[in-house]
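**Q** Coordinates only, no sequence provided:
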């Protein structure tokens, strides 16, 4: 029996919320990715977290038992350095803001790494780093005020951690923007650059590459912008209510409890006129409520797939609003398919 992954030759996979959650691996995802990779599937990893180098990320993934090479890891720092290489001459001076991964990406792309705005850098590359200081943000502001090109690796406002939600790079970018009155060029997700870089490195066309992520506004939107199908997993940030009210460019083709679903048969909803059926059930919108018919569990991930199609159609036809869609979807996706 064919599985979800059988329709593709390559995967571009997000990390936090997909492969691991905080310090802990998401075991079904790790097992699936290991099996698919050993079976010939090409797999790359793409993350908006700019703080670590591809080598560090690969080492982390290998600690889970995944056979990952640094060349298969694409960070937003790497995307930022690549973008600047199209803008600046070889050896240009760039001020890094963020974790070690930012400076490493710049050096690997042939740039001179500036220490401060007094070095007159031609550009600033700002990415996330857990130890970024107000003084470093000030150096970025001074350089930008002096005319430096400003590139942000990403603008995620928050960063989930094992202790809670921390300020993300977007929060720090906004501080520099308020100080300078300038908006940066942004290269990470939801832009397509990391996805297109990964597909090019894997030598697989976008149409045969599946993006896998947990955030609609970054992972799913980025895959869509790159012309790829996408799988949203419910093991991370966004859940059924978020999916239900997603705009068109943030709606995944597939939804699974976790990335372990890549190795499983996928029941895709089919229209039955005024609703959608999937497996042994069907969903319809009746008098402002979801009516589920059939023997399949009414609150599981399989049911959620049909419910989402019903709600998206109703949203697009202005029959319900986003708040109603979120409320109606919230009870679904509670059980693994």
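**A** That came through fine. All of these numbers come straight from a predicted model, not from anything done at the bench.

**Q** Now do the nearest residue to residue 229 once chain neighbours are set aside: how many residues are near it, please.
**A** Nearest residue to residue 229, sequence neighbours excluded (C-beta to C-beta, 6 or more residues apart in numbering): residue 253, at 4.6 Å. To be clear about C-beta, it is placed using only N, CA and C from the backbone, and glycine gets the same treatment. The local packing of residue 253 (other C-beta atoms under 10 Å) involves 18 other residues.

**Q** Same question for residue 284.
**A** Counted with other C-beta under 10 Å, residue 284 comes out at 18.

**Q** how about the helices of the stretch 101-250 of the chain, start to end?
**A** 134-145, 169-180, 193-202, 221-225, 240-244 (DSSP state H, counting those that start in this stretch).

**Q** out of those helices, deepest packed?
**A** Mean neighbour count (mean count of other C-beta atoms under 10 Å) peaks for helix 221-225 among the helices of the stretch 101-250 of the chain, with a mean of 25.

**Q** which residues are contacting that helix?
**A** By C-beta atoms under 8 Å, 6 or more residues apart in numbering, the residues outside helix 221-225 that reach it are 12, 46, 189-192, 194-195, 210-211, 213, 229-230, 249-250.

**Q** Likewise for stretch 323-334?
**A** So stretch 323-334 is contacted by 234, 239-245, 255, 257, 288-290, 299-301, 303-304, 307-308, 311, 314-315, 320 (C-beta under 8 Å, 6+ apart).

**Q** mind listing which of those residues are in strands?
**A** Among the contacts of stretch 323-334, the ones falling in strands (DSSP state E) are 255, 289-290.

**Q** Quick check: ChimeraX command selecting the buried ones in those residues.
**A** Of the ones in strands among the contacts of stretch 323-334, the buried ones can be selected in ChimeraX as follows, counting by 16 or more other C-beta atoms under 10 Å:
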select :255,290
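
**Q** from the ones in strands among the contacts of stretch 323-334, which single one is nearest residue 57?
**A** Checking those against residue 57 by C-beta to C-beta gives residue 255 as the nearest, at 25.9 Å.

**Q** ok, the closest one touching residue 235?
**A** No - if you go by C-beta atoms under 8 Å, residue 255 and residue 235 don't touch, sitting 11.5 Å apart.

**Q** give the contact list for residue 35.
**A** residue 263.

**Q** And the strand or helix carrying it, what's buried?
**A** Take DSSP states H and E as the rule and residue 35 turns out to sit in helix 27-38. By neighbour count with 16+ other C-beta under 10 Å, helix 27-38 contains the buried residues 28-34, 36-37.

**Q** likewise stretch 307-318?
**A** Neighbour-count burial for stretch 307-318 [16+ other C-beta under 10 Å]: 307-315.

**Q** I'd like to check what contacts that stretch. Which residues are they?
**A** By C-beta under 8 Å, 6+ apart, stretch 307-318 touches 240, 243-246, 248, 251, 255, 269, 271, 275-276, 283-285, 290, 292, 320-322, 325, 328-329, 332.

**Q** make it 7 Å
**A** 243-244, 251, 255, 269, 275-276, 283-285, 290, 320, 322, 325, 328-329, 332 (C-beta atoms under 7 Å, 6 or more residues apart in numbering).

**Q** cool, stretch 266-279 as well?
**A** With contacts defined as C-beta under 7 Å, 6+ apart, stretch 266-279 is touched by 4, 254, 282-284, 296, 302, 305-306, 309-310.

**Q** between the residues you listed, which is closest to residue 105?
**A** residue 254 (31.1 Å).
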